[in-house]
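1. I need the structure of the sequence given here:
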Amino acid sequence: MSAICLSTMPATAAVVEYLKGAAKLPDDSQARLACDEGLLFSVVELDTVFHRPARLDDELVVRSAVGLSGRASVLFTHEARLGTAEGELIASGRVKVACIGAASFRPRRLPDWLLERLD
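-> Down below sits the predicted model:
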């Protein structure tokens, strides 16, 4: 009987996929934002709670939600459930991503066009 561990990597990958998908940013968005807008995103907080183990063949449903955490940060929440969206909670967590200047690495206000896409 094999057990699996849900790492924090899927949570940070979900942030990237959200920015490319729901926020409608292109695949090369990080490089483009750095060059065109002079901004980057950096994970500043990451928290995961493992409620119970999952087995290797278990089907998991992972949901993510986004919310603004301030003028320069976005908070993503995640949960993994067994089998269905209403299944037993396996893991939950949150990732706070800060918008920073590409040159200074200091916090920078999220651009208005991005705030509109995050709604």
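
2. got a list of contacts for stretch 37-45?
-> 12, 15, 19, 30, 33-34, 73, 94-103, 105, 108, 111 (Cβ atoms under 8 Å, 6 or more residues apart in numbering). (Each C-beta comes from the backbone N, C-alpha and C, glycine too.)

3. Out of those residues, name the ones that lie in strands.
-> Within the contacts of stretch 37-45, residues falling in strands by DSSP state E are 73, 94, 95, 96, 97, 98, 99, 100, 101.

4. Excluding sequence neighbours, find me the nearest residue to the fourth one.
-> Pointing back at residue 96 there. Spatially, and ignoring its direct neighbours in sequence, residue 96 is nearest to residue 45 (3.8 Å; Cβ to Cβ, 6 or more residues apart in numbering).

5. Assign a three-state SS to that neighbour, would you?
-> Secondary structure, DSSP: H, G, I helix; E, B strand; the rest coil: residue 45 is strand.

6. Run a quick neighbour tally on the closest residue to residue 59 other than its chain neighbours.
-> Closest residue to residue 59 apart from its sequence neighbours, by Cβ to Cβ, 6+ apart: residue 83 at 5.6 Å. As a burial measure, residue 83 scores 12 neighbours (other Cβ atoms under 10 Å).

7. measure residue 83 to residue 61 for me?
-> 7 Å (Cβ to Cβ, to the nearest Å).

8. Report the rounded mean pLDDT for stretch 40-55.
-> Predicted confidence along stretch 40-55 averages 90 (mean pLDDT).

9. Which positions within it qualify as buried?
-> 40, 41, 48, 54 (16 or more other Cβ atoms under 10 Å).

10. quick one, what contacts residue 105?
-> Here residue 105 is in contact with 40, 42 (Cβ under 8 Å, 6+ apart).

11. you'd agree residue 59 is up against residue 81?
-> No. Contact criterion Cβ atoms under 8 Å: residue 59 and residue 81 do not qualify, at 9.8 Å.
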